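Colleague: Provide a 3D model corresponding to the input given below.
(2 chains)
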Number of protein chains: 2
Amino acid sequence: MGDIPTEMDLVYRVLDEQLVDVDGRRLLDAYNNVPVVGHSHPRVTEAVVRQTRTLNTHARYVYEPLVELAERLLASMPPEAGLDSVMLVNSGSEANDIAWRIAAGVTGRDGAIVTPFAYHGVTAAIADLSPEEWPEGFEVSRVERIPVDAGEEAVAAAAAGLAEAGHDLAATFIDAGLTSDGVYPLTRERLAGIVQATHDAGGLFVADEVQVGYGRSGEHLWTFAHLGATPDFVTLGKPMGNGYPVAAVLTRREIVEDFPFAGSVFSTFGGNPVAAQAGLAVLDVIRDERLIPHVKCVGERLLRRIGELQTRHPEIVTVRGLGLLIGVQLDDSARAKKVVDAMRDRGVLIGRTGPGNDVLKIRPPLVFDEEHADVLVEALEASLISD
Amino acid sequence: MGDIPTEMDLVYRVLDEQLVDVDGRRLLDAYNNVPVVGHSHPRVTEAVVRQTRTLNTHARYVYEPLVELAERLLASMPPEAGLDSVMLVNSGSEANDIAWRIAAGVTGRDGAIVTPFAYHGVTAAIADLSPEEWPEGFEVSRVERIPVDAGEEAVAAAAAGLAEAGHDLAATFIDAGLTSDGVYPLTRERLAGIVQATHDAGGLFVADEVQVGYGRSGEHLWTFAHLGATPDFVTLGKPMGNGYPVAAVLTRREIVEDFPFAGSVFSTFGGNPVAAQAGLAVLDVIRDERLIPHVKCVGERLLRRIGELQTRHPEIVTVRGLGLLIGVQLDDSARAKKVVDAMRDRGVLIGRTGPGNDVLKIRPPLVFDEEHADVLVEALEASLISD
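Modeller: Predicted structure coming up:
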């Protein structure tokens, strides 16, 4: 996180609906996926305000908006996945932790497969499944990593390796955009192969939509659904409440019923009424503002224009994209850092990702417009030239 | 949770600042510790509203209220504990999970000591430390349970048992009110013994203030501090944002620096600016409304009046209390269920707790007044008579 602005050089404010820094300079946010429908979107904000003023208690009492949110989420999922159960929690980490707890409990196994530089969360169980955060030299015998271009065969081999080591496969966790690996969006065929090999090995498949969900692909609310996969669990996180802490695990009733702790998986804040209203408002905004086709259109323009830059700038190695998740592979991590800093100095916030920290990560709120895409591309070109 | 009202018979609303059920009948909440300063307290509500309308993003950018909240929390801790580091997270479960991760990482051990029917959270690692939620017959070899009247000797014996089983003690987790065990508040001497024996065995001590923190004891913001303990970790949860999902882990820098993952313990929602403003407003209200002495006064009256009931109702076995956390041990779990239901029918919400589910749990928001205490006692007496 070395290239993240700190209080020293950047304090966020919102002025006349603009994000500004300490000097009042406008900032263009192409980094944050949490405010998925835009910072302080009035419709989500007022839903939070109204419910906070009325009642905010925990979810031990059934409250209508919670049921409505659960039903809306289930209805948005592909019917062939058979997802019929929702648990609301507080964060993507909790969602993945609970998916893991249930998968391990139901299979009676402890092996996991993830991508090489995956990030799924901060809890004790999920940190083991998050090699992005592993210290140098850290290894976990119950976790196998598959390459970024893995398909059915690689997963079958990894599952066999786990079984040999005495850790039969409980679950495969996949972010279909491979965001923290450096943005390597999966194809339909490869994702199908990963799910198939997971099931063949007796494991369960977790589609982690914490980063790639909520329309980011520009094709469907859920990236796994766009790719035609049928997961056993779907986990949702950050963008679900546009910043209000709420997250979810979706699965099938038959799986939950096999879980010995089923009666007790309970999260005090999961699904408080304010969280539910925030979640409903986000779904409304994505639908009413036609954000998914908008993402497709703006994402394609941004990808094309960065592709054009590549022809003039050999330091751009490849450009990979999935809607409004774009990875720009540079030839060097020091250069990537300089570009991120130079763009910030020009008022455009982006990040870095990947095991080499040499991939520019462009992942704006979904209300990012064509004019914003053009501002970003100009700032990127200027930052490359000044490099 | 069999005695918890559901949508069928109770829908919460707030009408003219009163909590009412579906029939518009006023409800007296003596059950919820989350809205610690009262449901929809205007000062906390408006802090959330103002910040939600301004900016809500994650904590990768340092934002002044986050720093202020961390400093206020640290300043509220007893100096002799040497706590100097705060991590903001989203829930008590996450706070306890991260305390566990760090304790296990720093000690290189995996043994834990908890009370017999403890509850510390829902994540995979912490579910093992939460026997309240264990299914029938579940055991974990790395977890030893100490009795509710345990002191130094019991902890030393438990630590020795763990070591024999190959699971040296990493951490002891204690809620000083033993809330889920049936409300058995610890004494100063016993808590000191538990901490001492934990340290003697090379383990770290976690004061779980998720349920007993924020002034509930009527003596100090933190129950462990009232009892003079010096923990290695303090975990805070539910009441911290009066319902806005925010929680925290406090510890010492030297412990965090020994943790191999120190650089990467990061929680996207932990400490978003809205959470920080909610946390600051709660601390302000507790101070400005003098809630801690208020809790002492009302808690003592409630305990005394329930004690008087006991003289006329032999089905009350014992009454145990710590400020506004009161456990009324009945002679039978079916009776406890009937009393909870009968009180709800009279508009007073309480719960049940303890391994036998035979302890009435009275744990209202801290703004509970003397007149509320009297309403509760009358409803309790009527519910016992009608029983």
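Colleague: quick check: mean pLDDT across stretch A:285-294?
Modeller: The predicted model gives stretch A:285-294 an average pLDDT of 97.
Colleague: Centre of the chain to stretch A:129-136, how far?
Modeller: Distance of stretch A:129-136 from the chain centroid (CA atoms, centre = their mean, to the nearest Å) equals 17 Å.
Colleague: Can you mark which positions in it are buried?
Modeller: For stretch A:129-136, a neighbour-count test (16 or more other CB atoms under 10 Å in any protein chain shown) marks A:Leu129, A:Ser130, A:Pro131, A:Glu132, A:Glu133, A:Trp134 as buried. (C-beta placed from N, C-alpha, C; glycine too.)
Colleague: wait, which of the residues you listed is closest to chain B?
Modeller: Closest to chain B out of the buried residues of stretch A:129-136 is A:Glu133 (3.7 Å), distances taken as CB to the nearest CB.
Colleague: how about A:Pro314, what does it touch?
Modeller: A:Asp331 (CB atoms under 8 Å, 6 or more residues apart in numbering or on different chains).
Colleague: err, A:Gln211, not the other one
Modeller: By CB under 8 Å, 6+ apart, the residues touching A:Gln211 are A:Asn33, A:Asp175, A:Gly177, A:Thr179, A:Ser180, A:Gly237, A:Lys238, A:Leu325, A:Arg363.
Colleague: run the last query once more with 10 Å
Modeller: A:33, A:92, A:119-120, A:175-180, A:223, A:237-239, A:325, A:363 (CB atoms under 10 Å, 6 or more residues apart in numbering or on different chains).
Colleague: pLDDT, secondary structure and distance to chain B for the buried residues of stretch A:129-136 - can I get that in a markdown table?
Modeller: Below are these laid out as a markdown table (pLDDT from 0 to 100; DSSP: H, G, I helix; E, B strand; the rest coil; distance: CB to the nearest CB, whole Å):
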| residue | pLDDT | secondary structure | distance to chain B |
| --- | --- | --- | --- |
| A:Leu129 | 98 | coil | 11 |
| A:Ser130 | 97 | coil | 8 |
| A:Pro131 | 97 | helix | 11 |
| A:Glu132 | 95 | helix | 8 |
| A:Glu133 | 91 | helix | 4 |
| A:Trp134 | 93 | coil | 8 |
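Colleague: Please, a ChimeraX command that selects the buried ones among the contacts of A:Gln211?
Modeller: Entered in ChimeraX, the line below selects the buried ones among these, by 16+ other CB under 10 Å:
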select /A:33,92,119,120,175,176,177,178,179,180,223,237,238,239,325,363
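Colleague: Quick one: the helices in chain A, in order.
Modeller: A:42-54, A:64-75, A:92-107, A:124-127, A:152-164, A:188-200, A:223-226, A:253-258, A:273-288, A:291-312, A:333-345, A:370-385 (DSSP state H).
Colleague: what's the most buried one of those?
Modeller: A comparison of these by mean neighbour count, using mean count of other CB atoms under 10 Å in any protein chain shown, puts helix A:92-107 on top with a mean of 28.
Colleague: For it, give the mean pLDDT please.
Modeller: 96.
Colleague: can it be found next to chain B?
Modeller: Yes - using CB under 10 Å from any CB of the partner chain, we find that helix A:92-107 touches chain B at A:Gly92, A:Ser93, A:Glu94, A:Asn96, A:Asp97, A:Ile98, A:Ala99, A:Trp100, A:Arg101, A:Ile102, A:Ala104, A:Gly105.
Colleague: Please list all residues in contact with the nearest residue to A:Tyr244 once chain neighbours are set aside.
Modeller: Nearest residue to A:Tyr244, sequence neighbours excluded (CB to CB, 6 or more residues apart in numbering or on different chains): A:Ala278, at 3.9 Å. With contact taken as CB under 10 Å, 6+ apart, A:Ala278 is in contact with A:44-45, A:47-48, A:51-52, A:65, A:69, A:240-246, A:272, B:52, B:56.
Colleague: Pop the domain breakdown of chain A in here.
Modeller: Here the domain parsing of chain A from automatic domain parsing is A:13-30+A:290-385, A:43-288.
Colleague: Please produce CSV containing the ones you listed, extended by distance to B:Ile194.
Modeller: As requested, these are arranged in CSV below (distance: least, CB to CB, whole Å):
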stretch, distance to B:Ile194
domain A:13-30+A:290-385, 44
domain A:43-288, 23
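Colleague: nearest to B:Arg26, of the ones you listed?
Modeller: Evaluated over the domains of chain A, closeness to B:Arg26 peaks at domain A:43-288, with 14.0 Å, by CB to CB.
Colleague: Chain B contacts on the stretch 101-250 of chain A?
Modeller: Counting by CB under 10 Å from any CB, the stretch 101-250 of chain A sits next to chain B at A:101-102, A:104-105, A:119, A:121-128, A:130, A:132-138, A:210, A:237-238, A:241-247.
Colleague: one more time with 8 Å, if that's ok
Modeller: For the stretch 101-250 of chain A, the residues in contact with chain B (CB under 8 Å from any CB of the partner chain) are A:101, A:104, A:122-125, A:127, A:132-135, A:138, A:237-238, A:242-246.
Colleague: Show me what stretch A:328-348 is in contact with.
Modeller: A:2-3, A:5, A:10, A:21, A:25-28, A:30, A:182, A:306, A:314-320, A:349-352, A:354, A:356-360, A:362, A:375-376, A:379-380, A:382-384, A:386-387.
Colleague: Find me the pLDDT at A:Gly2, would you?
Modeller: pLDDT for A:Gly2: 33.
Colleague: In contact with A:Ala379, which residues are there?
Modeller: Here A:Ala379 is in contact with A:Leu28, A:Met343, A:Arg346, A:Gly347, A:Val348 (CB under 8 Å, 6+ apart).
Colleague: ok, 6 Å please
Modeller: A:Met343, A:Arg346, A:Val348 (CB atoms under 6 Å, 6 or more residues apart in numbering or on different chains).
Colleague: Tell me how many other residues surround the last one.
Modeller: A count of nearby residues for A:Val348, using other CB atoms under 10 Å in any protein chain shown, gives 25.
Colleague: That one: what's its closest spatial neighbour, skipping adjacent residues?
Modeller: Nearest to A:Val348 is A:Ala379, by CB to CB, 6+ apart, at 4.3 Å.
Colleague: now the one you found: how far from A:Ala342?
Modeller: 8 Å (CB to CB, to the nearest Å).
Colleague: same question, A:Ala248
Modeller: Distance from A:Ala248 to A:Ala342, by CB to CB: 38 Å.
Colleague: now do A:Asp332
Modeller: 14 Å.
Colleague: same check, this time on A:Glu152
Modeller: For A:Glu152, the distance to A:Ala342 - CB to CB - is 42 Å.
Colleague: Relative to B:Glu257, which of the helices of chain A is closest?
Modeller: Nearest of those (CB to CB): helix A:124-127, 17.6 Å.
Colleague: neighbouring contacts of that closest one?
Modeller: A:Ser93, A:Asn96, A:Asp97, A:Trp100, A:His120, B:Asp97, B:Trp100, B:Arg101, B:Ala124, B:Ala125.
Colleague: Name the nearest residue to the fifth one, sequence neighbours excluded.
Modeller: Excluding its sequence neighbours, the residue lying closest to A:His120 (CB to CB, 6+ apart) is A:Asn96, at 4.6 Å.
Colleague: For the one you found, list the residues it contacts.
Modeller: A:His120, A:Gly121, A:Ile126, A:Thr235.
Colleague: Tell me the confidence at the closest residue in space to A:Arg190 that isn't next to it in sequence?
Modeller: Closest residue to A:Arg190 apart from its sequence neighbours, by CB to CB, 6+ apart: A:Gly151 at 4.3 Å. Looking at A:Gly151, its pLDDT is 95.
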